[in-house]
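S.K.: Predicted model follows, preceded by the sequence.
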Amino acid sequence: MKKKKYYAISIIIVLLILIITIITTKLTINKELLIDKYAYELIVLKLRNDTLTPIMKFITKLSNTSIIILIAILLTIIISLRKNIKTASLIPINLGIIAIINQILKFIFQRPRPTGFRLIEIGGFSFPSGHAMGSTAFYGLLIYLSYKLIKNKTLKIISIILNSLIIIGIGISRIYLGVHYCSDVVVGISLTIIYLIIFIRTIEKKKIIQD
């Protein structure tokens, strides 16, 4: 069973690295990405409407730094009260690491944000999406902690599904609102999944999680 799990994770990592490599290579040579074109046509031109826009603006706020920090503080306190200090410390450490990685990559690529169809204003570079990386790291870790710490099976499943939908929703909202290209989001999520696999594997080896 462990071997099957290892092979499955290895395949996922290889596929994600392939996706990241293809996109970053094309960006480096300034080649147009079809994924950006198709996502723009589908999400921006076809899906945008007055009813969906406020919903997307709400969803994207779930990845705002202030919101994530607030939730992170509350969860850190709650987990700490259960005397799982080491487990609680994983939340801020995780956020700090992914923020540093994102800023380094933005500085390296310095890709301008999309122009001409933004519904909200935001500064900084576009690639990879900081909101996609931050939300995937944060809510992705919550998925793992839900799996490890929540005893009630129903609550466990609800938490895992809800956090997964939040990650997907935030990624789509960044494209919908016109502040990121699809490739920014895809690479941001892909990179962070690889990072999370390594991060979780590390804490499991050190046996930090206390059930």
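M.R.: That came through fine. Numbers count the residues shown, from 1 in each chain.
S.K.: hey, let's count contacts and neighbours off CA atoms from now on
M.R.: Noted.
S.K.: I am assuming S89 contacts L75, so please confirm or correct that.
M.R.: No - here S89 lies out of contact with L75, judged by C-alpha atoms under 8 Å, at a distance of 10.1 Å.
S.K.: and the spatially most central residue of the chain, what pLDDT?
M.R.: Residue closest to the average C-alpha location in the chain (C-alpha atoms, centre = their mean): T136, at 2.1 Å. T136 carries a pLDDT value of 96.
S.K.: After the helix or strand hosting it, heading C-terminal, what element do we hit next?
M.R.: Here T136 sits within helix 130-149, counting by DSSP states H and E. Later in the chain than helix 130-149, the nearest helix or strand by DSSP H and E is helix 153-176.
S.K.: Next, report how far the longest helix along the chain is displaced from the centre of its chain.
M.R.: For the chain, the helix with the greatest residue count under DSSP state H is helix 2-28. Taking C-alpha atoms, centre = their mean, to the nearest Å, one finds helix 2-28 lying 16 Å from the centre of the chain it belongs to.
S.K.: Going by neighbour count, which residues of that helix are buried?
M.R.: Using 16 or more other C-alpha atoms under 10 Å as the test for burial, helix 2-28 gives 13, 16-17, 19-20, 23-24, 27.
S.K.: What's the mean pLDDT across that helix?
M.R.: 88.
S.K.: what about the one helix or strand Y195 maps to, average pLDDT?
M.R.: For Y195, the element it lies in under DSSP H and E is helix 182-205. Regarding helix 182-205, the rounded mean pLDDT is 94.
S.K.: in it, what's buried?
M.R.: For helix 182-205, by 16+ other C-alpha under 10 Å, it's 182-196, 199-200.
S.K.: same question, stretch 46-58
M.R.: Buried residues in stretch 46-58, counted by 16+ other C-alpha under 10 Å: 53, 56-57.
S.K.: Only alpha carbons, please: show that stretch as PDB.
M.R.: Taking Å, rounded to 0.1, in the frame of the first residue of the first chain, the C-alpha atoms of stretch 46-58 are listed here in PDB:
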ATOM      1  CA  LYS A  46     -18.400  34.000 -21.400                       C
ATOM      2  CA  LEU A  47     -18.900  33.700 -17.600                       C
ATOM      3  CA  ARG A  48     -18.700  37.300 -16.500                       C
ATOM      4  CA  ASN A  49     -22.100  38.800 -15.400                       C
ATOM      5  CA  ASP A  50     -23.500  41.100 -12.700                       C
ATOM      6  CA  THR A  51     -24.700  38.200 -10.500                       C
ATOM      7  CA  LEU A  52     -21.400  36.300 -10.500                       C
ATOM      8  CA  THR A  53     -19.000  39.200 -10.100                       C
ATOM      9  CA  PRO A  54     -19.800  40.000  -6.400                       C
ATOM     10  CA  ILE A  55     -19.500  36.300  -5.600                       C
ATOM     11  CA  MET A  56     -16.100  36.100  -7.200                       C
ATOM     12  CA  LYS A  57     -15.000  39.200  -5.400                       C
ATOM     13  CA  PHE A  58     -16.000  37.500  -2.100                       C
END
